[in-house]
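[1] One predicted model, sequence on top.
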Amino acid sequence: MSYHFTNAEYQQFLVWFYEEAAHGAHWFDWIDPKTETSKEARLSNGSIQAQAINARLSDWLVSFTLEVYL
């Protein structure tokens, strides 16, 4: 999946990813956008791909694989 972040949101995401999510290893509550229900999830393989959307680095597209516990 991919998320569009402002630079400030991306910086907050990185802090969460490295410190709270332990590089994606920890499970967290995630709201499924299709069902609008809370599910347990984690970032598969602890890998994210981030790409700046513009030259000012004010917007980012962050992609990763989400593992969801049904």
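    Perfect, I can see it now.
[2] Could I have the CA atoms of the strand of greatest length in the chain written out in PDB?
    Looking only at the chain and at elements set by DSSP state E, the strand with the highest residue count is strand 38-52. Extracted C-alpha coordinates of strand 38-52, given in PDB (Å, rounded to 0.1, in the frame of the first residue of the first chain):
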ATOM      1  CA  SER A  38      -9.700  -1.900  13.600                       C
ATOM      2  CA  LYS A  39      -7.300  -4.800  12.900                       C
ATOM      3  CA  GLU A  40      -3.900  -5.800  14.100                       C
ATOM      4  CA  ALA A  41      -1.200  -5.100  11.500                       C
ATOM      5  CA  ARG A  42       2.600  -4.700  11.000                       C
ATOM      6  CA  LEU A  43       4.900  -3.700   8.200                       C
ATOM      7  CA  SER A  44       6.000  -6.800   6.400                       C
ATOM      8  CA  ASN A  45       9.800  -7.300   6.200                       C
ATOM      9  CA  GLY A  46      10.400  -4.000   8.000                       C
ATOM     10  CA  SER A  47      10.800  -2.300   4.600                       C
ATOM     11  CA  ILE A  48       9.500   1.000   3.400                       C
ATOM     12  CA  GLN A  49      10.100   2.800   0.100                       C
ATOM     13  CA  ALA A  50       9.800   6.600   0.100                       C
ATOM     14  CA  GLN A  51       9.900   8.900  -2.800                       C
ATOM     15  CA  ALA A  52       9.700  12.600  -2.900                       C
END
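[3] Which strands border the following helix or strand past it, and is each parallel or antiparallel?
    Moving toward the C-terminus from strand 38-52, the first helix or strand encountered (DSSP states H and E) is strand 59-69. Looking at strand 59-69 with DSSP bridges, its partner strands are strand 2-6 (antiparallel), strand 38-52 (antiparallel).
[4] Need those in JSON lines (columns: mean neighbour count, distance to Trp30 and mean pLDDT).
    Where C-beta positions appear, they are placed from N, C-alpha and C, glycine not excepted. Output for these, formatted as JSON lines (neighbours: other Cβ atoms under 10 Å; distance: least, Cβ to Cβ, whole Å; pLDDT from 0 to 100):
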{"stretch": "strand 2-6", "mean neighbour count": "13", "distance to Trp30": "12", "mean pLDDT": "96"}
{"stretch": "strand 38-52", "mean neighbour count": "14", "distance to Trp30": "4", "mean pLDDT": "94"}
